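Q: coordinates only, sequence not included:
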DNA sequence: CCGAAACTCTAGAACGTTCTAGCGACTCCG
DNA sequence: CGGAGTCGCTAGAACGTTCTAGAGTTTCGG
């Protein structure tokens, strides 16, 4: 605290305005029980002194914090889009957000631990680092909403994108363009990878393209996509669906370096619609998760749980949407 | 809160262990004044009941929160690198971070406002949205550290990268490679743009290349870089330094589309070393800000101010470092 | 073996809010 | 004009910690 700068409290305002502390509290909260003139005068004094309510003291007393804890990972660009949506959704619901970030040197476990001390009323976890059992043990204390991952526990709510449907959309798009030999770069053990892979396989079968099903092992990073691409080069398909945008970027790079034109020789479809894919330089056709819908539903679930309303289904699945850009086109013939 | 799940308090632990609340507090804080056996027993009980200290109550009483508020912007990828560094630096200094994000729909003003309620002891602001006078009025209440921007006020500490030096490094690198006709894409009114532009001009003059100085109006976005590139096409230089990586990416795209090879025909140097520039697909030579040093110094300044130590210089400038990648090479001849 | 010093522990007052009672002073209706 | 209801306000107890004083008990030097 600054040398001279003591924090202004309700008591200071009350003294200056010549009223009781309780009354100032009433005015500041906009609660009923104060006359119009006094209300105005108290407001003026509070503003003049630069009064700021102390949220800690407030919630210490009231029990409620109206605070939602959010754990995100600074390494995942997609998380930031989600944050934008969450802030808006939380505000609509009358809640505030406290953030706790996971970084390369700070795991989700630590991030969640910090949040638990902060007295938030529910926790929303973006990442997939924590085990289902860990989430469940937290859920014993307060509502937990997991986003973009599955959880094999009944006590944890889940809001995620329909990964299988997204893959269907990608394959349908490519088939409509005339592709038959469509490969898929897998996301390994990353959450959602299995669903996206199976969605791809189902969609291929649905189009009677069983014989062209081809899954290349990959991962979540750009280099994973690049390595997978190397394996494709010997016998390139006419189109590829990638587990995510980053992998698709790695793929694109290898294709270019080897003289294959996109989408002339090979069409590429990513997943996530990260800001990356929007760059003119990359201009990637991709499957977009509906960020706003996911954020809104996650907050909705959290609030329902907090306020004890009889809850609906534990698991909310949001439909994604294909965004067609420059990396997909009809196959060469 | 969950139906049955009352929060465990010191009183619960004290009752269960058969000691006073004060003693449990002592044990939990690791403060002196408790016997070894009791200490162990209290610890065991606390752990068994799943006790978590309530940070709000704690700081309400103790006055100190050991909390640093951080305002960042979800739209700026560079801010996340900085967060990683800040978490580490804060932990070393024995402080915690509370984050407040600015998004497309939530200005820095709102973000700072939230933070002020949280009783943090200093505020670190990444962005440049707030006016100097606004920062100063906050600084009247608690220490404010501005990162990556200048502030024309004495009461606000500033930690930033030496933008002029970065430009010098970029130009020196290009000159060493043999370039003479080097253009600069400007960042308009964005913080740091003026310094980078002037650094470019100085460096050019230092090399006796006055006549080749050429500044193209631009901005902070990819499209700004692209528009600037269009203007260059009529009479392309052999090298370009861009205000930031995003602009450089826009530039790269336009160059490619117009059949100019990088670095064969034109070399490009960006600024910031965002994750973008590390993509194989882009592989941009760029000026890297020293994230860890900046984070460490920012926390250091904040702590010095909080703890009232006679402070050093108000403004800390960190030297950047050139990262040579694939977009720079000798000019064609 | 006695007084001082050192330990271990406890009671109770803060911290800045919110909330429950309740107290006067009006107003209103019969 | 008297009782009930409303309005505007206040006193004081919470909330879960930390901190100051001090009360017992043990240790120890002389």
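A: Looks like it arrived, so ask away. Because the structure is predicted, anything quoted here is derived from the model rather than measured.
Q: Around chain B, which positions in the stretch 101-250 of chain A sit nearby?
A: Within reach of chain B by C-beta under 8 Å from any C-beta of the partner chain, the stretch 101-250 of chain A has these residues: A:101, A:103-106, A:114, A:116-119, A:121, A:140-143, A:222-223, A:226, A:249-250. Quick note: C-beta positions are derived from backbone N, CA and C, even for glycine.
Q: Mark which of the residues you listed are part of helices, please.
A: Judged by DSSP state H, the subset of these located in helices is A:114, A:116, A:117, A:222, A:223, A:226, A:249, A:250.
Q: Just put those residues in a markdown table and tack on neighbour count, pLDDT and distance to DNA strand C.
A: Converted to a markdown table, those look like this (neighbours: other C-beta atoms under 10 Å in any protein chain shown; pLDDT from 0 to 100; distance: C-beta to the nearest atom of the strand, whole Å):
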| residue | neighbour count | pLDDT | distance to DNA strand C |
| --- | --- | --- | --- |
| A:114 | 19 | 87 | 21 |
| A:116 | 19 | 86 | 20 |
| A:117 | 14 | 81 | 16 |
| A:222 | 24 | 90 | 49 |
| A:223 | 14 | 91 | 52 |
| A:226 | 21 | 94 | 55 |
| A:249 | 27 | 93 | 49 |
| A:250 | 27 | 93 | 52 |
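Q: Give me the pLDDT for residue A:306.
A: You'll see residue A:306 listed with a pLDDT of 86.
Q: what about it, which helix or strand?
A: helix A:291-307 (DSSP states H and E).
Q: before we move on, the earlier item: most widely separated two among the ones in helices among the residues of the stretch 101-250 of chain A next to chain B?
A: With C-beta to C-beta as the measure, no two of these lie farther apart than A:117 and A:226, at 41.7 Å.
Q: give me the low-pLDDT residue ranges for chain A?
A: Counting by pLDDT under 70, chain A has low-confidence residues at A:1-6, A:310-312.
Q: who are the neighbours in contact with the residue in the stretch 151-300 of chain A positioned nearest to DNA strand C?
A: Distance from DNA strand C to each residue of the stretch 151-300 of chain A (C-beta to the nearest atom of the strand) is smallest for residue A:299, at 21.6 Å. Residues in contact with residue A:299 (C-beta atoms under 8 Å, 6 or more residues apart in numbering or on different chains) are A:68, A:86, A:89, A:90, A:92, A:93, A:95, A:124.
Q: Contact partners for the residue nearest the centre of chain A?
A: Centroid-nearest residue in chain A, with C-alpha atoms, centre = their mean: residue A:82, separated by 3.9 Å. Residue A:82 makes contact with A:72, A:126, A:147, A:291, A:294, A:295, according to C-beta under 8 Å, 6+ apart.
Q: hmm, 7 Å instead?
A: A:126, A:291, A:294, A:295 (C-beta atoms under 7 Å, 6 or more residues apart in numbering or on different chains).
Q: Please convert the ones in helices among the residues of the stretch 101-250 of chain A next to chain B to a markdown table, extending it with distance to residue B:281.
A: Below are these laid out as a markdown table (distance: C-beta to C-beta, whole Å):
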| residue | distance to residue B:281 |
| --- | --- |
| A:114 | 36 |
| A:116 | 41 |
| A:117 | 42 |
| A:222 | 8 |
| A:223 | 12 |
| A:226 | 9 |
| A:249 | 5 |
| A:250 | 8 |
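Q: And those residues, which is closest to chain B?
A: Ranked by distance to chain B (C-beta to the nearest C-beta), those are led by residue A:117 at 4.3 Å.
Q: before we move on, back to that, report the two of the contacts of residue A:82 separated the most.
A: Using C-beta to C-beta, the two most remote members of the contacts of residue A:82 are A:126 and A:291, lying 11.7 Å apart.
Q: Looking at the two, which one has more neighbours?
A: Remark: of residue A:126 and residue A:291, residue A:126 carries more neighbours, 23 against 19, as counted by other C-beta atoms under 10 Å in any protein chain shown.
Q: Excluding chain neighbours, what is closest to that one?
A: residue A:72 (4.7 Å; C-beta to C-beta, 6 or more residues apart in numbering or on different chains).
Q: Let me see the ranges of the helices in the stretch 151-300 of chain A.
A: Using DSSP state H, counting those that start in this stretch, the helices assigned to the stretch 151-300 of chain A run over residues A:163-177, A:193-206, A:222-232, A:245-257, A:275-278, A:291-307.
Q: Can I get those in TSV including distance to residue A:239?
A: Shown next, in TSV, are the helices of the stretch 151-300 of chain A (distance: least, C-beta to C-beta, whole Å):
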stretch	distance to residue A:239
helix A:163-177	5
helix A:193-206	11
helix A:222-232	11
helix A:245-257	11
helix A:275-278	16
helix A:291-307	26
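Q: quick one: which of the ones you listed is nearest DNA strand D?
A: Per C-beta to the nearest atom of the strand, nearest to DNA strand D of those: helix A:291-307, 16.6 Å.
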